[in-house]
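**Student:** With the sequence up front, the predicted model follows.
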Amino acid sequence: MHKVFISYHHQNDQYYKEKLLEINSWNSIFIDGSVDTGDIPDYLDNDAIREKIRDEYLKDASVTVLLVGTETRNRKHVDWEIYSSMYDGKVNKKSGILVVNLPPTNCTWFTASHIGEKERIYPDFKDWITINSRSEYERRYPYMPARIIDNLLNKDVKISVTNWANIERDWEALRFLIDATYNDRVNCEYDLSRAMRSANA
């Protein structure tokens, strides 16, 4: 099993994080390495929080699962977690990233980046297209963090985007996606050019 860091908006989307862990406890899909509410003291400054996330929680994780709700894109801690997941340091190596759109987003679109994913996760879907414009990604994924869209546009990165419904009805699909994300992580050349968010929007 791979160690997974779950990035999400704690206030809005705690239910889905807990549901993910509940199903994982039944099926042994991954090892949880995520931050829980209250794990990091509020009094720490931004640099200390970023360092704590990177050095204590992301250090041993090899896959980050990003749960996207309606406010996720505006949260500074989520942006820091995404950045730290993408950063390839001497101690903390880069992770693969899997994005799951949550039901409140009402998203029905998806992006398949890994070999065998189309056949395994979306066997009945035939109308695949390639998207090359930021505006089209923003139209399809209006709640997606900007840093993720930067990298969906990057041909040297493999980030898949799926919907909660796809994994809720088939938890083996989640296992496949985590494995595929893990396997492709080393070859991802992430775009880290965007400055890290300094405040919540």
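**Tutor:** That came through fine. Residues are numbered from 1 along each chain as shown.

**Student:** Name the spans of this protein whose pLDDT lies under the cut-off.
**Tutor:** By pLDDT under 70, the low-scoring segments of the chain are 35-59.

**Student:** for this structure, what spans make up the strands?
**Tutor:** Taking DSSP state E as the test, the strands found in the chain are 2-7, 30-32, 63-68, 96-101, 160-163.

**Student:** residues in contact with the last one?
**Tutor:** Spelled out, it's strand 160-163. Applying Cβ atoms under 8 Å, 6 or more residues apart in numbering, the contact partners of strand 160-163 are 98-101, 107-114, 117, 121, 141, 144, 152, 173, 177, 180-181. Every C-beta, even on glycine, is put in place using the N, C-alpha and C of the backbone.

**Student:** in stretch 88-98, what counts as buried?
**Tutor:** Residues N92, K94, S95, G96, I97, L98 are the ones in stretch 88-98 that count as buried (16 or more other Cβ atoms under 10 Å).

**Student:** got it, and stretch 177-186?
**Tutor:** Judged by neighbour count (16+ other Cβ under 10 Å), stretch 177-186 contains these buried residues: L177, I178, D179, A180, T181, Y182, N183, D184, R185.

**Student:** and if you look at stretch 70-90?
**Tutor:** 71-73, 75-86.

**Student:** again, but for stretch 154-172
**Tutor:** V157, K158, I159, S160, V161, T162, N163, W164, N166, I167, E168.

**Student:** gap between the two ends of that stretch?
**Tutor:** End-to-end distance for stretch 154-172, by Cα to Cα, to the nearest Å: 28 Å.

**Student:** now the angle between strand 96-101 and the longest helix out of those in the chain, please.
**Tutor:** Of all segments of type helix in the chain, defined using DSSP state H, the longest is helix 10-27. Per axes from the mean of the first three to the mean of the last three Cα atoms, to 10 degrees, the angle that helix 10-27 makes with strand 96-101 is 110 degrees.

**Student:** Run through who's touching helix 10-27.
**Tutor:** With Cβ under 8 Å, 6+ apart, helix 10-27 has contacts from 6, 8, 29-30, 32, 34, 37, 65, 67, 69-72, 102, 104, 164, 171, 174-175.

**Student:** How about stretch 192-201?
**Tutor:** With contact meaning Cβ under 8 Å, 6+ apart, stretch 192-201 is reached by 46, 50, 73-76, 79-80, 83, 86-87, 146-147, 150.

**Student:** ok, back up a step: output the strands of the chain in JSON lines; the columns should cover distance to A199.
**Tutor:** JSON lines is the format used below for those (distance: least, Cβ to Cβ, whole Å):
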{"stretch": "strand 2-7", "distance to A199": "18"}
{"stretch": "strand 30-32", "distance to A199": "28"}
{"stretch": "strand 63-68", "distance to A199": "20"}
{"stretch": "strand 96-101", "distance to A199": "23"}
{"stretch": "strand 160-163", "distance to A199": "26"}
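
**Student:** All set now, cheers.
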